[in-house]
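[1] when you get a sec, could you give me coordinates for this:
(2 chains)
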Amino acid sequence: MSNNQSQDSKAAEASQQTQQQKPTILEEDDEFEDFPVDDWPENETEQAAGATANGKDLHLWEESWDDDDAAEDFSKQLKEELKKVDSSR
Amino acid sequence: MASQGTTTLDRFLTSLAEIVRDRDGAKLQDFLQIEPPLPDVYGQMVAELRQQYPNGSPKEADLLLRCEGLVPKSKGSSAWTSFPTFMKLYFSFLRDVNVGNLLETYNLLKVLLNQCVIALGDSQFGIVVLPTVLYLSKVLAKLAMGLDRQPELIAHLLRLEAGSDQDETAEKVTLVEKSANVVREAFIKCLTDRSGTPGVHGKPEGKRVGIYLMANLCLKLLFQCGKLRNAEQMFASITAQSPPLKYFPASQRVTYLYYLGRYLFSNNLFFPAQIALQSAYNQCHHQAISQKRLILTYLISCNIILGRFPSRQLLQLPESEGIADKYIPVCQLIIRGDYIAFREHLTVNSSTTEWFARKGVLLPLRNRCEILVWRSFARKVFIHGGFLGDPQNQAQRGPPPFLYLNKLEAAVRWLQAQHSSSPPMIPFATSLAASAEKFQFGSQVVSIAPDLDFAYIDGPVANGTAPDASILSKYADYLCPDSFFDATGQRQSNPTKTLVDGSPDADYSQYELNPYANGITQEAEKTSPLMREIESILASLLTQGLMRGYLTHRNPRFAIPGARLRGALPTGFPNVWQTIYARESEDTGVPGWVQPPAIMAAPAGLAGGGRVVNLAGARPVGVQ
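    Residues are numbered from 1 along each chain as shown, chains lettered A, B, ... in the order given. The predicted structure follows:
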């Protein structure tokens, strides 16, 4: 509320610099920190940055994950086991 | 009204009067510093205050009088009396605070904030103190949360306080929760500002600019103290009275959607939680790594529960560092279908679970994803042991693809045997699979170590003997109480401390204690308890739409009719996310997230009838 636009962008630059300097280590703190700036334009959001990074929307989620690989260990063993059921009948 | 020996205070008051006259809230907040280290000028002012207006002296009334001079006096309107009271408290705080006693500091600060919130309530001038309310709230929150993490700092003081006020029945309210309650008052003042347009058609103007600032701070405190239920009323009030979220600054939007998403997640509303958290992630500043990481923690949990796994691309992002290695094994276990390994992975006391538990996602993941593991398992058994239909004979009418459930039963037994050789997990999964079906009680698919308190129910019962001494030593107050109520409701004393209900191991063999004893048919007896459990798991999968087809109980089978066109697998085991999305996306509204009202296009020529009026923003008469 006390920030006007020019202050915002200046603060944004400053915060970006400090954020770049900080090494990305996992902080044990689970607290959602306050953002160093109040507001930012659309083109600085994750959505916009993710899209420009690889020219299209970042593919975030796998909807099809069913495993049909019969050669995979668990499937192979299961298959052998089920054969035994058939032969014992 | 300047006094002798108070030059600094005089100048301070003069400046304050100008600030209030100009209604410069930001500058007022800048002046009213409380956090050490304070600039030297504050030290001088404190010295003057202690000299001229000592604590408890009659001169304190003069100080209040001087503060009253700060408020502009205008004709016809009531003076802003709460502000001088607040200023007087501010000076007292500076003068008296002793940071050596953090509990006292907390209490003084809370009183100060409380008065500031009252000053905020003024319809004319209240907005001037909004930045100060926010500032004081943040300092109070920081102090409360700091003390919450290091309770040893004030443990001795709390003991003293408790000694003087011994009411054991009263609910203990933590400092964090007390702070949340004060901040909530400020939130309500912001939300119920009567100036301008209220509700969904309004804009963030007047005190409404503070709605989400105060809400976010309050939510942070409520999450910290685990009183999420107290947030419900806040979300309801926001839904009823707030302007749309999109008109507020990005930092407030993202923070609010993060807390809203976590709240919905905690209430098992995973689909709306996913919408809120995805939006928080999308709108987050792309360089705010730590915030993005926290959002992702809950967003990924939501999506896994809804049947969507994080992509490799997502897991390689910098914000996924430290969380990717937590979620990859969970996804792999769901895909593999080994439900025992899945349980073991998320068992209590395993090192991986500690992280999930701290984030508050352990139980939702464990309880909601196990059904997905079962789907994968059933699917694999179907692939390798089912009748997939006759591809040669597609045009002809043949039997639909099906799976004999005894195959699944055999697969379960095989899986149990596989895991019995691995070292047992403690204590949730003690010999998880080894002795399944030896248990008369509980699940057959997994054997869970029974609650220690009931451990003996599986053991042989020697009828007529007195209970074990170890049982008596633990439960004597329950089995042999000082007094009890008899069959007529009369209180009877029990001076000899005998077993009031007789021996717990009394012989009841002449009574039938099984409520289902008469319902068991011969056919049911042929079915193993394990098969009955497998049938109910599959029935649950079918009910949820995660498998499609039907079960036959006699000669147990799972059949997939109508599979000729698309094939047995896509028909019988439809895509999980698409199934859930189709069901949930009928309503994409997220409770607690105020959207701009839909613009209603009034088609020409349509008058009166058929017009839909959006009443989302309507409020009952008389409600503020």
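[2] quick one, strands of the chain?
    Defaulting to chain A. A:61-62 (DSSP state E).
[3] that's the wrong chain, I wanted chain B
    B:309-310, B:402-404, B:483-485, B:491-493, B:550-552, B:557-559.
[4] mean pLDDT, mean neighbour count and distance to residue B:378 added to the ones you listed, as JSON lines?
    To be clear about C-beta, it is placed using only N, CA and C from the backbone, and glycine gets the same treatment. Compiled in JSON lines, the strands of chain B are given as follows (pLDDT from 0 to 100; neighbours: other C-beta atoms under 10 Å in any protein chain shown; distance: least, C-beta to C-beta, whole Å):
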{"stretch": "strand B:309-310", "mean pLDDT": "97", "mean neighbour count": "24", "distance to residue B:378": "19"}
{"stretch": "strand B:402-404", "mean pLDDT": "95", "mean neighbour count": "22", "distance to residue B:378": "8"}
{"stretch": "strand B:483-485", "mean pLDDT": "87", "mean neighbour count": "11", "distance to residue B:378": "51"}
{"stretch": "strand B:491-493", "mean pLDDT": "88", "mean neighbour count": "9", "distance to residue B:378": "57"}
{"stretch": "strand B:550-552", "mean pLDDT": "95", "mean neighbour count": "15", "distance to residue B:378": "11"}
{"stretch": "strand B:557-559", "mean pLDDT": "96", "mean neighbour count": "21", "distance to residue B:378": "7"}
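[5] who are the contact partners of residue B:586?
    Residue B:586 sits next to no residue when contact means C-beta atoms under 8 Å, 6 or more residues apart in numbering or on different chains.
[6] how near is it to residue B:271?
    10 Å (C-beta to C-beta, to the nearest Å).
[7] also residue B:327?
    Distance, residue B:327 to residue B:271, by C-beta to C-beta: 19 Å.
[8] ok, the two, which is more surrounded?
    Legend: neighbour count by other C-beta atoms under 10 Å in any protein chain shown for residue B:327 and residue B:271, higher for residue B:327 (23 against 18).
[9] how about low-confidence regions in chain A?
    Within chain A, the stretches with pLDDT under 70 are A:1-29, A:51-57, A:89.
[10] rerun that using 90 as the cut-off
    A:1-31, A:48-59, A:67-73, A:84-89 (pLDDT under 90).
[11] repeat that for the stretch 151-300 of chain B.
    B:151-174, B:194-203, B:226.
[12] chain A contacts on that one?
    B:209-210, B:220, B:224, B:249-252, B:254-255, B:258-259, B:281-294 (C-beta under 8 Å from any C-beta of the partner chain).
[13] the longest helix out of those in chain B and chain A, are they touching?
    Of all segments of type helix in chain B, defined using DSSP state H, the longest is helix B:362-385. Yes: against chain A, helix B:362-385 shows contacts by C-beta under 8 Å from any C-beta at B:376, B:379, B:380, B:381, B:383, B:384, B:385.
[14] which stretches in chain A count as helices?
    So, for chain A - with DSSP H - the helices run A:5-21, A:46-54, A:73-87.
[15] please tell me how far residue B:18 sits from residue B:556.
    For residue B:18 relative to residue B:556 (C-beta to C-beta), the value is 85 Å.
[16] for the two, indicate the residue with more neighbours.
    Neighbours were counted for residue B:18 and for residue B:556 using other C-beta under 10 Å; residue B:556 has more, 19 against 12.
[17] quick one: which of the residues of helix B:362-385 next to chain A has the most company?
    Most crowded among those, counting by other C-beta under 10 Å, is residue B:380 at 27 neighbours.
[18] what residues does the residue lying closest to it once chain neighbours are set aside make contact with?
    In space, residue B:380 comes closest to residue B:337 once its chain neighbours are excluded; the distance is 5.3 Å by C-beta to C-beta, 6 or more residues apart in numbering or on different chains. With contact taken as C-beta under 8 Å, 6+ apart, residue B:337 is in contact with A:74, B:373, B:374, B:375, B:376, B:377, B:378, B:379, B:380.
[19] and residue B:337, what's its pLDDT?
    Looking at residue B:337, its pLDDT is 95.
[20] ditto for residue B:541
    Confidence score, pLDDT, at residue B:541: 97.
[21] can you tell me the closest non-neighbouring residue to it?
    residue B:547 is the one closest to residue B:541 (C-beta to C-beta, 6+ apart), at 4.3 Å.
[22] how near is that neighbour to chain A?
    12 Å (C-beta to the nearest C-beta, to the nearest Å).
[23] what number of residues lie near that residue?
    For residue B:547, the neighbour count with other C-beta under 10 Å is 25.
[24] my guess is residue B:376 contacts residue B:332, does it?
    No: contact criterion C-beta atoms under 8 Å: residue B:376 and residue B:332 do not qualify, at 10.6 Å.
[25] closest one to residue B:595 among the strands of chain B?
    The closest approach between residue B:595 and any of those, judged by C-beta to C-beta, belongs to strand B:309-310 at 27.4 Å.
[26] residues in contact with the nearest residue to residue B:241 once chain neighbours are set aside?
    Computed as C-beta to C-beta, 6+ apart, the closest residue to residue B:241 that is not its neighbour in sequence is residue B:191, at 5.3 Å. Residue B:191 makes contacts with B:208, B:211, B:237, B:238, B:241, B:242, as judged by C-beta under 8 Å, 6+ apart.
[27] re earlier: make TSV from the strands of chain B and add distance to chain A to it.
    Below are these laid out as TSV (distance: least, C-beta to the nearest C-beta, whole Å):
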stretch	distance to chain A
strand B:309-310	5
strand B:402-404	9
strand B:483-485	48
strand B:491-493	51
strand B:550-552	18
strand B:557-559	14
